[in-house]
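# pasting the structure only:
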C-alpha cells in the first residue's frame, strides 16, 4: 500500500483535458513540493514536473501541476495518443526521511 | 549530459546477495547537490525508493530494507552500487538507478534504463 494515493486508471479522448490526483498527508505533500514522473511502456520513468509546477526542459506546457493542502494534481491538456503512459507522483516524506511514490495511474487515450 | 547505466546479474538464487552497479557518465558523481538513488519496480507494480547516497558517503535507506541493503559509492570510478542480501522471490524486480536533485525537491532528473533481476533457484 503506497503512502500516496493515486487512482489506478484515468482516460480521455484526444484533445481533452485530464487530471490525475495524488493524496498524501501532512508529513509529505502537506509539507513538501510534489514531483511527477511519466513512464512509457517498457521504459524508465522520466521527470515530468518538479516543485509542484516546474517543467524540465523539453516537457510541453500541456503538462501542469498543482497542490492544495495534502493533495496534488497533474493536469494534461490537449491530450495526445503519445501521452498514454503510467504517471507517478512523488514527494519527500518526513517520517520516512526519504522520497515516497504514489501507486501510479495508467492513462489511456481512447 | 549525464547518463546512468545499471549492470548486474539477471538471475540470482534465493538467499544470495545481489550486487548492482550504476555507472555515471557525462558528469562527475561528486557534483554537489545530488544524491544517487536506487529505485525498483516489481513486475506490473509501482515504484519503490530503496535508498540513496551522497558523494561524501552519507546514505539513507527505505526503512523496510535498511537491514538488507548497502549502498556504496566509488568516486574514483564514477559509480555507485547496491548490495542486497538474503534475497527472496519478492526481490524480483526491475532495478533503476537515478540522480536525485536535492536543490529541486529531490526530483529524480536522470534515470538509467533499468536492469531486470529475477530471484529464482
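Yep, that arrived. This one's a predicted model, so the numbers in the text were calculated from it and none came from an experiment.
# Chain neighbours aside, what residue packs nearest to the residue nearest the centre of chain B?
Nearest to the geometric centre of chain B sits residue B:38, at 2.6 Å (CA atoms, centre = their mean). Closest residue to residue B:38 apart from its sequence neighbours, by CB to CB, 6 or more residues apart in numbering or on different chains: residue B:50 at 4.2 Å. C-beta here means a position set from N, CA and C on the backbone, and glycine is covered the same way.
# Hmm, that neighbour is touching residue B:65, no?
Yes - taking contacts as CB atoms under 8 Å, residue B:50 lies within contact range of residue B:65: 5.7 Å.
# How about the residues of chain B by chain A?
B:46-49, B:51-52, B:60-63, B:96, B:100-101, B:104-109, B:111-114 (CB under 8 Å from any CB of the partner chain).
# Take those and keep only those in strands.
B:47-49, B:51-52, B:60-61, B:96, B:100-101, B:107-109, B:111 (DSSP state E).
# Which neighbours do residue B:50 and residue B:65 have in common?
Counting by CB atoms under 8 Å, 6 or more residues apart in numbering or on different chains, the common neighbours of residue B:50 and residue B:65 are residue B:84.
# Please identify which of these two sits among more neighbours.
Counted by other CB atoms under 10 Å in any protein chain shown, residue B:50 and residue B:65 do not tie: residue B:50 has more neighbours, with 23 against 18.
# Please name the residues that touch the more buried one.
Counted by CB under 8 Å, 6+ apart, residue B:50 has contacts B:37-40, B:61-62, B:65, B:69, B:71, B:82, B:84.
# what's the pLDDT at it?
Each residue has a pLDDT score; the one for residue B:50 is 98.
# Give me the phi and psi for residue B:91.
Dihedral angles of residue B:91 (phi, psi; degrees, to the nearest 10) stand at phi -90, psi 0.
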